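K.L.:
this is a predicted model, with the sequence first.
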Amino acid sequence: MSGNGLFRYDAVVVGGGPCGASAAFTLARNGYTVMVIDAGKFPRFKLCGGLLTGKSTAFLRDCFGMDASCLARAGALEGCENSYHIYAGGRRIVAGSNGSPFYFVRRDRFDSRLLKSVAAAGAVVREGTKVVHADCRTGKVHCHDGSSVCAEFIIAADGVHSTVRKAVCGGLRHSVRQAVAVEVAVPRRHMPQGVQLPSVHLGLLQRGYGWLFPNRRNIVAGVGGLLCRGEHPARVLRTLLCGCGVQAGHIPQPRGYTLPFGGHLRRPFSGRVLLAGDAAGFADAVFGEGIYYAMLSGSLAAQAVMQALPVRAAGSVLHEEHGAGTFYMQLLQRNLFRTLGQAAVLHRFLYRPPDGPDRAAVRLFLRCAHRLLVNRLHSVPDR
Ligand SMILES: Cc1cc2nc3c(=O)[nH]c(=O)nc-3n(C[C@H](O)[C@H](O)[C@H](O)COP(=O)(O)OP(=O)(O)OC[C@H]3O[C@@H](n4cnc5c(N)ncnc54)[C@H](O)[C@@H]3O)c2cc1C
(Lines give C-alpha, C1' and ligand atoms only; values in the text may rest on other atoms or scores of the structure.)
Protein backbone atom coordinates (compact mmCIF):
# COMPACT_ATOMS: atom_id res chain seq x y z
CA MET A 1 0.00 0.00 0.00
CA SER A 2 1.12 3.55 -0.63
CA GLY A 3 0.77 6.21 2.10
CA ASN A 4 -2.71 7.26 0.87
CA GLY A 5 -4.21 3.75 0.87
CA LEU A 6 -3.71 3.03 -2.85
CA PHE A 7 -2.36 -0.39 -3.75
CA ARG A 8 1.28 0.07 -4.76
CA TYR A 9 2.26 -1.97 -7.82
CA ASP A 10 5.84 -2.94 -8.45
CA ALA A 11 5.49 -1.16 -11.79
CA VAL A 12 2.91 0.68 -13.80
CA VAL A 13 3.46 0.59 -17.55
CA VAL A 14 1.97 3.49 -19.50
CA GLY A 15 1.17 2.34 -23.05
CA GLY A 16 0.24 -1.15 -24.22
CA GLY A 17 1.97 -1.21 -27.63
CA PRO A 18 4.86 -3.65 -28.30
CA CYS A 19 7.09 -1.83 -25.82
CA GLY A 20 4.61 -1.75 -22.95
CA ALA A 21 3.53 -5.32 -23.66
CA SER A 22 7.06 -6.67 -23.49
CA ALA A 23 7.83 -4.69 -20.30
CA ALA A 24 4.65 -5.84 -18.57
CA PHE A 25 4.97 -9.43 -19.80
CA THR A 26 8.55 -9.69 -18.49
CA LEU A 27 7.53 -8.38 -15.07
CA ALA A 28 4.31 -10.38 -14.74
CA ARG A 29 5.92 -13.61 -15.84
CA ASN A 30 8.52 -13.15 -13.11
CA GLY A 31 5.86 -12.71 -10.45
CA TYR A 32 5.88 -8.92 -10.05
CA THR A 33 2.71 -6.88 -9.71
CA VAL A 34 2.17 -4.71 -12.76
CA MET A 35 -0.58 -2.65 -14.33
CA VAL A 36 -0.63 -1.59 -17.99
CA ILE A 37 -2.67 1.50 -18.83
CA ASP A 38 -3.50 2.38 -22.42
CA ALA A 39 -5.57 5.22 -23.81
CA GLY A 40 -6.94 3.00 -26.58
CA LYS A 41 -9.25 0.00 -26.57
CA PHE A 42 -7.68 -2.99 -28.29
CA PRO A 43 -7.62 -3.83 -31.10
CA ARG A 44 -6.84 -0.18 -31.81
CA PHE A 45 -5.52 1.28 -35.06
CA LYS A 46 -1.77 1.98 -35.33
CA LEU A 47 -0.24 3.40 -38.50
CA CYS A 48 2.68 1.12 -39.36
CA GLY A 49 4.18 -0.87 -42.23
CA GLY A 50 4.02 -3.89 -39.94
CA LEU A 51 7.35 -5.32 -41.08
CA LEU A 52 8.94 -7.74 -38.62
CA THR A 53 12.62 -8.46 -39.16
CA GLY A 54 14.35 -11.67 -38.10
CA LYS A 55 15.44 -10.14 -34.82
CA SER A 56 11.83 -9.16 -34.05
CA THR A 57 10.54 -12.67 -34.68
CA ALA A 58 13.41 -14.09 -32.60
CA PHE A 59 12.43 -11.74 -29.77
CA LEU A 60 8.77 -12.76 -30.05
CA ARG A 61 9.79 -16.41 -29.80
CA ASP A 62 12.22 -15.94 -26.90
CA CYS A 63 10.19 -13.49 -24.83
CA PHE A 64 6.54 -14.27 -25.61
CA GLY A 65 6.95 -17.86 -26.86
CA MET A 66 5.18 -16.76 -30.07
CA ASP A 67 5.91 -17.90 -33.60
CA ALA A 68 4.47 -17.15 -37.05
CA SER A 69 1.70 -19.74 -36.69
CA CYS A 70 0.61 -18.09 -33.48
CA LEU A 71 0.41 -14.71 -35.25
CA ALA A 72 -1.49 -16.35 -38.10
CA ARG A 73 -4.02 -17.86 -35.67
CA ALA A 74 -4.57 -14.39 -34.22
CA GLY A 75 -5.30 -13.11 -37.74
CA ALA A 76 -2.32 -10.77 -37.46
CA LEU A 77 -0.08 -12.24 -40.17
CA GLU A 78 -0.47 -10.54 -43.56
CA GLY A 79 2.55 -11.83 -45.46
CA CYS A 80 5.98 -13.40 -45.43
CA GLU A 81 8.74 -12.85 -48.02
CA ASN A 82 12.43 -13.71 -48.38
CA SER A 83 13.20 -11.52 -51.39
CA TYR A 84 13.26 -7.75 -51.72
CA HIS A 85 14.03 -4.92 -54.12
CA ILE A 86 15.90 -1.70 -53.52
CA TYR A 87 15.30 1.29 -55.79
CA ALA A 88 17.33 4.48 -55.94
CA GLY A 89 16.36 7.52 -57.99
CA GLY A 90 13.48 5.54 -59.58
CA ARG A 91 15.69 2.68 -60.84
CA ARG A 92 15.87 -0.79 -59.39
CA ILE A 93 19.43 -1.31 -58.27
CA VAL A 94 19.10 -4.43 -56.12
CA ALA A 95 17.07 -7.63 -56.39
CA GLY A 96 18.11 -9.59 -53.34
CA SER A 97 16.98 -12.46 -51.18
CA ASN A 98 17.71 -13.60 -47.73
CA GLY A 99 17.73 -16.84 -45.73
CA SER A 100 15.27 -15.66 -43.11
CA PRO A 101 11.98 -14.07 -44.15
CA PHE A 102 10.45 -10.70 -43.46
CA TYR A 103 7.02 -11.05 -41.90
CA PHE A 104 4.24 -8.48 -42.26
CA VAL A 105 1.62 -8.00 -39.57
CA ARG A 106 -1.55 -6.01 -39.00
CA ARG A 107 -0.66 -3.84 -36.05
CA ASP A 108 -4.15 -3.71 -34.54
CA ARG A 109 -4.29 -7.50 -34.25
CA PHE A 110 -0.59 -7.95 -33.49
CA ASP A 111 -0.66 -5.50 -30.57
CA SER A 112 -3.90 -6.98 -29.34
CA ARG A 113 -2.42 -10.48 -29.34
CA LEU A 114 0.62 -9.33 -27.36
CA LEU A 115 -1.59 -7.64 -24.80
CA LYS A 116 -3.64 -10.82 -24.38
CA SER A 117 -0.43 -12.62 -23.42
CA VAL A 118 0.31 -9.88 -20.92
CA ALA A 119 -3.06 -10.33 -19.23
CA ALA A 120 -2.63 -14.11 -19.28
CA ALA A 121 0.75 -13.71 -17.55
CA GLY A 122 -1.01 -11.99 -14.64
CA ALA A 123 -0.73 -8.25 -15.35
CA VAL A 124 -3.72 -5.98 -14.85
CA VAL A 125 -4.56 -4.39 -18.22
CA ARG A 126 -6.60 -1.19 -18.16
CA GLU A 127 -7.75 0.01 -21.58
CA GLY A 128 -9.46 3.23 -22.62
CA THR A 129 -7.67 5.22 -19.91
CA LYS A 130 -5.43 8.13 -20.82
CA VAL A 131 -2.60 9.01 -18.48
CA VAL A 132 -2.38 12.78 -18.13
CA HIS A 133 0.47 13.16 -15.65
CA ALA A 134 3.23 11.16 -13.99
CA ASP A 135 5.31 12.01 -10.95
CA CYS A 136 8.86 10.70 -11.10
CA ARG A 137 9.38 11.35 -7.37
CA THR A 138 6.35 9.48 -5.96
CA GLY A 139 5.75 6.93 -8.74
CA LYS A 140 2.14 8.03 -9.15
CA VAL A 141 0.35 8.38 -12.49
CA HIS A 142 -2.83 10.41 -12.91
CA CYS A 143 -5.50 9.46 -15.42
CA HIS A 144 -8.00 11.54 -17.38
CA ASP A 145 -10.93 10.16 -15.35
CA GLY A 146 -9.47 11.50 -12.09
CA SER A 147 -8.14 8.14 -10.88
CA SER A 148 -4.50 7.54 -10.04
CA VAL A 149 -2.22 4.52 -9.79
CA CYS A 150 0.80 4.16 -7.54
CA ALA A 151 3.89 2.08 -8.25
CA GLU A 152 7.51 1.69 -7.23
CA PHE A 153 8.46 2.38 -10.85
CA ILE A 154 6.80 3.80 -13.94
CA ILE A 155 7.74 2.49 -17.38
CA ALA A 156 6.83 5.05 -20.02
CA ALA A 157 5.92 3.15 -23.20
CA ASP A 158 3.39 5.67 -24.45
CA GLY A 159 4.84 6.22 -27.89
CA VAL A 160 6.55 9.00 -29.75
CA HIS A 161 4.35 11.79 -28.29
CA SER A 162 4.82 10.42 -24.76
CA THR A 163 2.82 12.29 -22.12
CA VAL A 164 5.07 10.83 -19.42
CA ARG A 165 8.21 12.12 -21.16
CA LYS A 166 6.73 15.59 -21.30
CA ALA A 167 5.65 15.38 -17.65
CA VAL A 168 8.89 14.16 -16.16
CA CYS A 169 11.59 15.62 -18.33
CA GLY A 170 10.07 18.63 -20.03
CA GLY A 171 13.32 19.83 -21.59
CA LEU A 172 14.27 16.37 -22.81
CA ARG A 173 11.23 15.99 -25.00
CA HIS A 174 12.95 17.91 -27.74
CA SER A 175 15.80 15.40 -27.90
CA VAL A 176 13.76 12.72 -29.68
CA ARG A 177 14.29 13.48 -33.36
CA GLN A 178 11.06 12.81 -35.20
CA ALA A 179 10.45 11.98 -38.83
CA VAL A 180 7.13 12.38 -40.59
CA ALA A 181 5.62 9.38 -42.34
CA VAL A 182 2.51 8.97 -44.47
CA GLU A 183 1.01 5.64 -45.44
CA VAL A 184 -1.89 4.10 -47.36
CA ALA A 185 -3.15 0.59 -48.02
CA VAL A 186 -4.02 0.19 -51.71
CA PRO A 187 -6.17 -2.83 -52.61
CA ARG A 188 -4.23 -5.15 -54.91
CA ARG A 189 -6.86 -4.88 -57.65
CA HIS A 190 -6.03 -1.18 -58.02
CA MET A 191 -2.36 -1.83 -58.68
CA PRO A 192 -2.37 -3.21 -62.22
CA GLN A 193 1.38 -3.63 -62.48
CA GLY A 194 1.33 -5.58 -59.26
CA VAL A 195 4.00 -5.45 -56.61
CA GLN A 196 5.24 -8.93 -55.92
CA LEU A 197 8.08 -8.16 -53.53
CA PRO A 198 8.66 -5.74 -50.69
CA SER A 199 10.70 -2.79 -51.89
CA VAL A 200 12.32 0.31 -50.48
CA HIS A 201 12.77 3.45 -52.56
CA LEU A 202 15.64 5.77 -51.79
CA GLY A 203 15.99 9.25 -53.21
CA LEU A 204 12.29 10.16 -52.89
CA LEU A 205 13.07 12.41 -49.95
CA GLN A 206 16.51 13.81 -49.22
CA ARG A 207 16.56 12.29 -45.74
CA GLY A 208 14.04 9.50 -45.97
CA TYR A 209 12.65 6.77 -48.17
CA GLY A 210 9.52 5.10 -49.48
CA TRP A 211 8.24 1.54 -49.12
CA LEU A 212 5.86 -0.83 -50.86
CA PHE A 213 4.96 -3.87 -48.79
CA PRO A 214 2.69 -6.37 -50.58
CA ASN A 215 0.30 -8.06 -48.20
CA ARG A 216 -2.44 -10.60 -48.71
CA ARG A 217 -5.11 -8.07 -49.66
CA ASN A 218 -3.34 -4.74 -49.97
CA ILE A 219 -0.11 -3.08 -50.90
CA VAL A 220 0.97 -1.00 -47.93
CA ALA A 221 2.76 2.05 -49.34
CA GLY A 222 4.46 4.80 -47.42
CA VAL A 223 6.99 7.58 -47.45
CA GLY A 224 8.81 8.88 -44.40
CA GLY A 225 11.81 10.85 -43.31
CA LEU A 226 13.19 14.03 -41.81
CA LEU A 227 11.64 16.65 -44.03
CA CYS A 228 13.74 19.22 -45.84
CA ARG A 229 12.31 22.53 -47.04
CA GLY A 230 9.67 22.17 -49.75
CA GLU A 231 9.23 18.40 -49.35
CA HIS A 232 5.65 17.06 -49.19
CA PRO A 233 5.60 13.34 -48.33
CA ALA A 234 1.92 12.90 -49.33
CA ARG A 235 2.69 14.30 -52.78
CA VAL A 236 5.76 12.09 -53.08
CA LEU A 237 3.70 9.04 -52.10
CA ARG A 238 1.15 9.88 -54.80
CA THR A 239 3.91 10.09 -57.40
CA LEU A 240 5.33 6.74 -56.25
CA LEU A 241 1.94 5.07 -56.54
CA CYS A 242 1.09 6.67 -59.90
CA GLY A 243 4.48 5.37 -61.11
CA CYS A 244 3.22 1.87 -60.19
CA GLY A 245 0.14 2.37 -62.36
CA VAL A 246 -2.39 3.22 -59.65
CA GLN A 247 -4.99 5.68 -60.93
CA ALA A 248 -5.13 8.90 -58.93
CA GLY A 249 -8.77 8.23 -58.03
CA HIS A 250 -7.84 4.91 -56.45
CA ILE A 251 -5.28 6.33 -54.05
CA PRO A 252 -6.83 6.56 -50.58
CA GLN A 253 -6.29 9.64 -48.44
CA PRO A 254 -2.94 8.96 -46.73
CA ARG A 255 -2.67 8.96 -42.96
CA GLY A 256 0.33 10.56 -41.31
CA TYR A 257 2.20 10.00 -38.10
CA THR A 258 5.60 10.71 -36.59
CA LEU A 259 8.29 8.21 -35.75
CA PRO A 260 11.67 8.52 -34.06
CA PHE A 261 14.45 8.60 -36.64
CA GLY A 262 17.89 8.75 -35.08
CA GLY A 263 18.32 10.97 -32.05
CA HIS A 264 17.09 9.11 -28.97
CA LEU A 265 17.28 10.18 -25.32
CA ARG A 266 20.79 9.63 -23.96
CA ARG A 267 19.63 9.17 -20.35
CA PRO A 268 16.06 7.88 -20.68
CA PHE A 269 15.12 7.95 -17.01
CA SER A 270 14.24 10.34 -14.25
CA GLY A 271 13.69 9.25 -10.63
CA ARG A 272 11.23 6.34 -10.67
CA VAL A 273 10.46 6.70 -14.39
CA LEU A 274 12.15 4.71 -17.17
CA LEU A 275 11.36 5.63 -20.78
CA ALA A 276 11.39 2.98 -23.50
CA GLY A 277 10.39 2.34 -27.11
CA ASP A 278 9.25 5.32 -29.19
CA ALA A 279 8.81 7.33 -25.98
CA ALA A 280 12.62 7.32 -25.66
CA GLY A 281 13.23 7.64 -29.40
CA PHE A 282 14.52 4.07 -29.79
CA ALA A 283 14.10 3.34 -33.49
CA ASP A 284 16.59 2.56 -36.22
CA ALA A 285 17.78 5.64 -38.12
CA VAL A 286 18.16 3.80 -41.44
CA PHE A 287 14.67 2.42 -42.15
CA GLY A 288 12.77 3.56 -39.05
CA GLU A 289 12.37 0.03 -37.71
CA GLY A 290 10.85 0.47 -34.27
CA ILE A 291 8.95 -2.65 -33.23
CA TYR A 292 12.06 -4.62 -32.30
CA TYR A 293 13.64 -1.73 -30.38
CA ALA A 294 10.34 -1.09 -28.60
CA MET A 295 10.07 -4.72 -27.45
CA LEU A 296 13.75 -4.95 -26.53
CA SER A 297 13.88 -1.69 -24.56
CA GLY A 298 10.60 -2.53 -22.81
CA SER A 299 12.07 -5.79 -21.63
CA LEU A 300 15.34 -4.09 -20.58
CA ALA A 301 13.37 -1.52 -18.56
CA ALA A 302 11.53 -4.39 -16.86
CA GLN A 303 14.84 -6.13 -16.08
CA ALA A 304 16.20 -2.90 -14.57
CA VAL A 305 13.10 -2.62 -12.38
CA MET A 306 13.57 -6.24 -11.25
CA GLN A 307 17.18 -5.49 -10.33
CA ALA A 308 16.27 -2.32 -8.44
CA LEU A 309 13.23 -3.61 -6.49
CA PRO A 310 15.18 -5.74 -3.98
CA VAL A 311 17.43 -2.77 -3.25
CA ARG A 312 14.38 -0.67 -2.40
CA ALA A 313 12.77 -3.50 -0.44
CA ALA A 314 15.93 -3.80 1.69
CA GLY A 315 15.15 -0.25 2.82
CA SER A 316 18.12 1.39 1.12
CA VAL A 317 17.79 4.98 0.21
CA LEU A 318 17.59 5.19 -3.57
CA HIS A 319 21.28 5.72 -4.23
CA GLU A 320 22.07 6.59 -7.82
CA GLU A 321 24.30 3.56 -8.34
CA HIS A 322 21.56 1.18 -7.16
CA GLY A 323 18.67 2.93 -8.86
CA ALA A 324 16.68 1.43 -11.71
CA GLY A 325 17.99 4.21 -13.98
CA THR A 326 21.56 3.10 -13.50
CA PHE A 327 20.73 -0.56 -14.13
CA TYR A 328 18.73 0.48 -17.18
CA MET A 329 21.62 2.52 -18.60
CA GLN A 330 23.96 -0.47 -18.18
CA LEU A 331 21.53 -2.74 -20.03
CA LEU A 332 20.96 -0.20 -22.80
CA GLN A 333 24.67 0.32 -23.29
CA ARG A 334 25.22 -3.42 -23.58
CA ASN A 335 22.25 -4.23 -25.81
CA LEU A 336 20.99 -1.25 -27.73
CA PHE A 337 23.02 1.96 -27.89
CA ARG A 338 25.79 0.56 -30.06
CA THR A 339 23.38 -0.68 -32.74
CA LEU A 340 21.47 2.59 -32.79
CA GLY A 341 24.81 4.43 -33.03
CA GLN A 342 25.81 2.35 -36.07
CA ALA A 343 22.45 3.12 -37.69
CA ALA A 344 23.03 6.83 -37.15
CA VAL A 345 26.36 6.59 -39.02
CA LEU A 346 24.68 4.73 -41.91
CA HIS A 347 21.89 7.31 -41.93
CA ARG A 348 24.38 10.13 -42.50
CA PHE A 349 25.90 8.22 -45.40
CA LEU A 350 22.68 7.07 -47.09
CA TYR A 351 20.54 10.16 -46.82
CA ARG A 352 22.44 12.69 -48.84
CA PRO A 353 20.85 14.97 -51.43
CA PRO A 354 19.82 12.70 -54.33
CA ASP A 355 21.69 14.80 -56.87
CA GLY A 356 24.68 15.42 -54.64
CA PRO A 357 28.18 14.26 -55.43
CA ASP A 358 27.83 11.15 -53.25
CA ARG A 359 24.88 9.61 -55.10
CA ALA A 360 27.06 7.24 -57.08
CA ALA A 361 28.84 6.14 -53.91
CA VAL A 362 25.52 5.38 -52.25
CA ARG A 363 24.38 3.29 -55.24
CA LEU A 364 27.66 1.40 -55.33
CA PHE A 365 27.41 0.76 -51.60
CA LEU A 366 23.84 -0.54 -51.93
CA ARG A 367 24.71 -2.80 -54.85
CA CYS A 368 27.74 -4.29 -53.11
CA ALA A 369 26.65 -4.24 -49.50
CA HIS A 370 22.85 -4.66 -49.52
CA ARG A 371 23.26 -8.11 -47.96
CA LEU A 372 25.19 -6.54 -45.13
CA LEU A 373 22.38 -4.03 -44.67
CA VAL A 374 19.71 -6.73 -44.69
CA ASN A 375 21.72 -9.00 -42.39
CA ARG A 376 22.02 -6.07 -40.04
CA LEU A 377 18.24 -5.65 -40.11
CA HIS A 378 17.62 -9.32 -39.43
CA SER A 379 20.25 -10.23 -36.90
CA VAL A 380 20.20 -9.75 -33.19
CA PRO A 381 23.05 -7.30 -32.57
CA ASP A 382 26.24 -8.46 -30.87
CA ARG A 383 26.05 -8.44 -27.13
C1 LIG B 1 4.06 5.03 -40.94
C2 LIG B 1 4.91 4.18 -40.03
C3 LIG B 1 5.36 2.95 -40.48
C4 LIG B 1 6.15 2.15 -39.63
N5 LIG B 1 6.54 0.93 -40.09
C6 LIG B 1 7.27 0.12 -39.28
C7 LIG B 1 7.61 -1.19 -39.70
O8 LIG B 1 7.23 -1.63 -40.79
N9 LIG B 1 8.35 -1.97 -38.87
C10 LIG B 1 8.78 -1.51 -37.65
O11 LIG B 1 9.49 -2.24 -36.94
N12 LIG B 1 8.45 -0.27 -37.21
C13 LIG B 1 7.69 0.55 -37.98
N14 LIG B 1 7.29 1.78 -37.52
C15 LIG B 1 7.68 2.18 -36.16
C16 LIG B 1 6.81 1.47 -35.11
O17 LIG B 1 5.44 1.64 -35.44
C18 LIG B 1 7.05 2.05 -33.72
O19 LIG B 1 8.44 2.20 -33.51
C20 LIG B 1 6.48 1.13 -32.62
O21 LIG B 1 5.07 1.08 -32.73
C22 LIG B 1 6.85 1.65 -31.23
O23 LIG B 1 6.20 0.87 -30.26
P24 LIG B 1 5.84 1.52 -28.83
O25 LIG B 1 5.19 0.44 -28.05
O26 LIG B 1 7.04 2.20 -28.29
O27 LIG B 1 4.79 2.67 -29.15
P28 LIG B 1 3.35 2.56 -29.80
O29 LIG B 1 3.22 1.39 -30.65
O30 LIG B 1 3.08 3.90 -30.39
O31 LIG B 1 2.38 2.35 -28.55
C32 LIG B 1 2.16 3.37 -27.63
C33 LIG B 1 0.86 3.06 -26.88
O34 LIG B 1 0.70 4.05 -25.85
C35 LIG B 1 -0.64 4.46 -25.81
N36 LIG B 1 -0.66 5.82 -25.26
C37 LIG B 1 -0.18 6.94 -25.83
N38 LIG B 1 -0.35 7.99 -25.00
C39 LIG B 1 -0.94 7.49 -23.89
C40 LIG B 1 -1.38 8.08 -22.66
N41 LIG B 1 -1.23 9.38 -22.41
N42 LIG B 1 -1.95 7.29 -21.73
C43 LIG B 1 -2.11 5.96 -21.97
N44 LIG B 1 -1.72 5.35 -23.11
C45 LIG B 1 -1.14 6.11 -24.05
C46 LIG B 1 -1.14 4.38 -27.25
O47 LIG B 1 -2.55 4.22 -27.30
C48 LIG B 1 -0.38 3.16 -27.78
O49 LIG B 1 -1.14 1.98 -27.65
C50 LIG B 1 6.51 2.60 -38.32
C51 LIG B 1 6.03 3.84 -37.89
C52 LIG B 1 5.23 4.62 -38.71
C53 LIG B 1 4.72 5.95 -38.19
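P.N.:
That came in fine, so what should we check first? Numbers count the residues shown, from 1 in each chain.
K.L.:
what's the helix ranked longest in the chain packed up against?
P.N.:
For the chain, the helix reaching the highest residue count under DSSP state H is reported as helix 291-313. Applying 3 or more Cβ pairs under 8 Å, 6 or more residues apart in numbering; DSSP states H and E, one finds that helix 291-313 contacts strand 8-14, helix 18-29, strand 51-52, helix 54-59, strand 148-156, strand 273-275, helix 324-335. The way it works is simple: take the backbone N, C-alpha and C, and place the C-beta from them, glycine included.
K.L.:
what's around the residue in the stretch 251-383 of the chain positioned nearest to the ligand, how many residues?
P.N.:
Among all residues of the stretch 251-383 of the chain, residue 290 sits closest to the ligand, at 1.7 Å; criterion: Cβ to the nearest ligand atom. By other Cβ atoms under 10 Å, the residues close to residue 290 number 25.
K.L.:
need the contact list for it.
P.N.:
Residue 290 makes contact with 259-260, 277-278, 282-284, according to Cβ atoms under 8 Å, 6 or more residues apart in numbering.
K.L.:
closest to residue 223 out of the residues you listed?
P.N.:
Minimum distance to residue 223 across these is 12.1 Å, recorded for residue 259 (Cβ to Cβ).
K.L.:
who touches the helix or strand hosting the closest one?
P.N.:
Mapping residue 259 onto the secondary structure by DSSP states H and E places it in strand 255-260. Defining contact as Cβ under 8 Å, 6+ apart, one finds that strand 255-260 is touched by 47, 160-161, 176-184, 224, 233-234, 278, 281-283, 288, 290.
K.L.:
select from those every entry located in helices.
P.N.:
Of the positions in the contacts of strand 255-260, 233-234 sit in helices, assigned by DSSP H.
K.L.:
out of the contacts of strand 255-260, which are buried?
P.N.:
Neighbour-count burial (16 or more other Cβ atoms under 10 Å) applied to these gives 47, 160, 176-184, 224, 233, 278, 281-283, 288, 290.
K.L.:
among the residues you listed, which ones are in strands?
P.N.:
Where the buried ones among the contacts of strand 255-260 overlap with strands, as defined by DSSP state E, the overlap consists of 178-184, 224.
K.L.:
find the nearest non-adjacent residue to the residue of the stretch 101-250 of the chain found nearest the ligand, please.
P.N.:
The shortest separation between the stretch 101-250 of the chain and the ligand is 3.1 Å, found at residue 159 (distances taken as Cβ to the nearest ligand atom). Spatial nearest neighbour of residue 159, chain neighbours left out: residue 278 (4.8 Å); criterion: Cβ to Cβ, 6 or more residues apart in numbering.
K.L.:
what's the answer for residue 57, then?
P.N.:
Closest residue in space to residue 57, ignoring its immediate chain neighbours: residue 103 at 6.0 Å, by Cβ to Cβ, 6+ apart.
K.L.:
direction included, what does the strand or helix carrying the one you found pair against?
P.N.:
Secondary structure assigned from DSSP H and E places residue 103 in strand 91-105. Based on DSSP bridges, the strands next to strand 91-105 in the sheet, each with its direction, are strand 51-52 (antiparallel), strand 77-88 (antiparallel).
K.L.:
quick one: the first one to chain centroid distance?
P.N.:
A distance of 10 Å separates the centroid of the chain from that of strand 51-52, by Cα atoms, centre = their mean, to the nearest Å.
K.L.:
now do stretch 155-174
P.N.:
Counting by Cα atoms, centre = their mean, stretch 155-174 comes out at 15 Å from the chain centroid.
K.L.:
averaged pLDDT, it. What do you get?
P.N.:
Taken as a whole, stretch 155-174 carries a mean pLDDT of 84.
K.L.:
can you classify the nearest residue to residue 10 once chain neighbours are set aside as helix, strand or coil?
P.N.:
Nearest residue to residue 10 in three dimensions, chain neighbours excluded: residue 32, at 4.1 Å (Cβ to Cβ, 6+ apart). The assignment at residue 32 comes out as coil when based on DSSP: H, G, I helix; E, B strand; the rest coil.
K.L.:
count the neighbours of residue 32 for me.
P.N.:
20.
K.L.:
need the strands for the stretch 101-250 of the chain, in chain order.
P.N.:
Read by DSSP state E, counting those that start in this stretch, the stretch 101-250 of the chain holds these strands, from start to end of the chain: 124-126, 131-135, 140-143, 148-156, 178-187, 199-205, 208-214, 218-225.
K.L.:
go through those and find the least confident stretch.
P.N.:
strand 199-205 (a mean of 91).
K.L.:
tell me which residues form a beta bridge with residue 184?
P.N.:
residue 221.
K.L.:
now do residue 156
P.N.:
The residues listed as beta-bridge partners of residue 156 by DSSP bridges are residue 14, residue 275.
K.L.:
contact partners for it?
P.N.:
With contacts defined as Cβ under 8 Å, 6+ apart, the neighbours of residue 156 are 14-15, 134, 162, 164-165, 168, 273-276, 279-280.
K.L.:
go on, residue 342?
P.N.:
residue 376.
K.L.:
buried set for the helix or strand hosting it?
P.N.:
In this structure, residue 342 sits in helix 337-350 according to DSSP H and E. Neighbour counts using 16+ other Cβ under 10 Å place 339-340, 343-344, 346-347, 350 of helix 337-350 among the buried residues.
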